[in-house]
Structures are given as C-alpha cells and as structure tokens.
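Student: Sequence and computational prediction follow.
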Amino acid sequence: MKKNKYPIIAKEGWLYIIIILFISTYLTLINSSISVLFWIISIFIIQFFRDPKRKISDKKNVIVSGADGRVIAINETFDPYQKKKSIKVSVFMNVFNVHSNKAPIDGIILKKIYFPGKFLNAALSKASLENERCAIIIQSKNNSKRIITCVQIAGLVARRILCYKETGDELTRGERYGFIKFGSRVDLYLPLNTSIKVQLGQKVKNGESIIAEFI
C-alpha cells in the first residue's frame with residue numbers, strides 16, 4: 001500500500017484557522033459571550049481543512065476517487081474535454097467532507113483546462129458544464145491508450161479552485177494535486193469499457209476508494 005505524506009490540516013486552511021483562533025481567543029479574554037459562537041466556527045473551519053492520510057491500493061488498473069463525498073452520477077455521456085463518449089462518475093463534497101483532491105491514476109497530464117463560470121449548487125447536473133471548473137486530461141502510465149479526464153468543479157459556496165499541476169507533469173495515483181476551498185464536486189470521465197465499482201449514493205474517500213477498473 002502507498003501512503004501519502006502531507007500535514008493532517010491542509011496548508012490551504014492555515015491562514016483561516018490562525019485568524020479565527022485569534023479572534024476566538026481575544027473574545028474569550030475580554031469575556032465576550034459571543035466568543036462561544038466563534039469557537040464553534042473555529043471547530044468547523046478546522047474540520048473543513050483536515051486532510052487525513054489515506055492508504056492507496058497497489059492493485060493494477062484501478063481508478064481511485066479524486067474526492068471525498070457521495071457518488072451522485074454514473075452515466076454514459078459526452079466528455080467535452082476529450083470530445084468523445086465516456087462514462088461520467090461524479091462525487092459531490094458537502095461542507096463536512098475532506099476537500100483536497102487526489103490523482104485517480106498514475107500518469108502524465110496531457111492538458112490542463114480552466115473555465116471561469118457560475119457558482120450553482122454543485123449537486124445539479126448542469127454544474128458540470130456551467131460552473132467554474134478546472135479539468136486535467138491524464139494519460140495512464142501503464143497504457144498510453146487509457147486516457148481519463150478529472151474535473152474540479154466549484155459550487156454554491158466554493159469560490160476558489162486550486163490545481164497545483166500543469167500540462168506535462170506526472171501524477172502518482174493518490175497524490176494530492178489540488179484543493180477546492182469551501183466546495184463542491186469532482187467529475188471523472190472514463191473510457192466506455194471501464195468497469196465501474198461504485199453505486200449511486202455510495203460514500204467514497206479520496207485516493208482510497210476504488211471508483212472503477214480499466215479492462
């Protein structure tokens with residue numbers, strides 16, 4: 001099993017946590033009753049930016065989840081990034097899920113595409129094509145004919161998508177490659193002959209849960 005290495009509290013949240021803890025502590029010291037509310041907010045922000053270690057399967061040909069959350073869509077559709085028919089698997093992240101994003105497969109990024117857009121509820125199907133999003137097209141390291149698309153999508157609250165990789169960069173399955181602040185969903189567009197291993201409504205974990213398997 002592969003193990004990822006990074007802080008248990010995501011670096012993207014450190015500034016928010018420092019600010020809210022400072023305010024909470026200050027209000028407590030001046031004996032303000034409103035400090036209770038700010039300590040509750042502090043706990044919420046800390047849990048939002050948690051980023052626990054995950055065990056990554058060494059099994060060949062598997063595709064792992066790029067996000068924590070619930071599977072809200074599994075359907076054959078058109079991949080607008082590769083311009084071909086694919087199977088789309090969508091994972092929706094609510095505010096209580098881990099929001100770091102992990103690489104679904106070992107491979108190389110053929111293309112990175114960013115689209116500014118709306119901030120609709122990410123659970124809506126039209127959010128895939130209308131919301132702010134960042135897509136990376138990944139070619140499998142083990143088979144150059146196996147190419148998938150992984151799309152970070154902002155949501156109703158999310159206002160910033162972070163993708164730390166660029167075209168030409170290599171990815172290791174389960175590697176942390178991005179973060180969506182206060183949001184939302186990740187879509188995977190997979191080859192039509194892929195064997196899907198999840199069901200609608202199923203809860204999955206980033207980098208750990210097996211979404212599908214190449215055939």
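Tutor: Received the coordinates, thanks.

Student: use CA for all of it now, contacts and neighbours both
Tutor: Fine.

Student: which residues in this protein form helices?
Tutor: All helices of the chain, identified by DSSP state H, fall at 14-29, 35-48, 127-130.

Student: Of all these, which one is nearest Lys112?
Tutor: With respect to Lys112, and counting by CA to CA, the nearest of these is helix 127-130 at 15.8 Å.

Student: Flag every buried residue along the closest one.
Tutor: Buried residues in helix 127-130, counted by 16 or more other CA atoms under 10 Å: 127-128, 130.

Student: quick one: low-confidence parts of the chain?
Tutor: Applying pLDDT under 70 to the chain flags residues 1-6, 121-123, 157-159, 182-183.

Student: at 80 instead, please
Tutor: 1-7, 117-130, 155-160, 181-183 (pLDDT under 80).

Student: Make a markdown table out of the helices of the chain and add distance to Tyr81.
Tutor: A markdown table is the format used below for the helices of the chain (distance: least, CA to CA, whole Å):
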| stretch | distance to Tyr81 |
| --- | --- |
| helix 14-29 | 34 |
| helix 35-48 | 30 |
| helix 127-130 | 11 |
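
Student: from the middle of its chain, how far away would stretch 53-68 be?
Tutor: Remark: stretch 53-68 is offset 13 Å from the chain centroid, using CA atoms, centre = their mean, to the nearest Å.

Student: Check the separation of the first and last residues in that stretch.
Tutor: 12 Å (CA to CA, to the nearest Å).

Student: The biggest strand by length in the chain pairs with which strands, parallel or anti?
Tutor: Longest strand in the chain, counting residues (DSSP state E): strand 69-79. With DSSP bridges as the test, strand 69-79 is paired with strand 84-92 (antiparallel), strand 203-204 (antiparallel).

Student: got JSON lines for the ones you listed, with mean neighbour count too?
Tutor: As requested, these are exported to JSON lines (neighbours: other CA atoms under 10 Å):
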{"stretch": "strand 84-92", "mean neighbour count": "22"}
{"stretch": "strand 203-204", "mean neighbour count": "19"}
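
Student: I'd like those as CSV, with distance to Gly13 appended.
Tutor: Conversion of those to CSV gives the following (distance: least, CA to CA, whole Å):
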stretch, distance to Gly13
strand 84-92, 20
strand 203-204, 22
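
Student: Figure out which of those strands is closest to Phe48.
Tutor: With CA to CA as the yardstick, what comes closest out of these is strand 84-92 (14.7 Å).

Student: Touching that closest one from outside, list them.
Tutor: Applying CA atoms under 8 Å, 6 or more residues apart in numbering, the contact partners of strand 84-92 are 67-79, 122-123, 184-192, 194.

Student: buried subset of those?
Tutor: Buried among the contacts of strand 84-92 (16+ other CA under 10 Å): 67-74, 79, 122-123, 184-192, 194.

Student: How many neighbouring residues does Lys59 have?
Tutor: Counted with other CA atoms under 10 Å, the neighbours of Lys59 add up to 10.

Student: That one and Ile18, how far apart?
Tutor: Per CA to CA, Lys59 is found 40 Å from Ile18.

Student: Same question for Val71.
Tutor: 33 Å.
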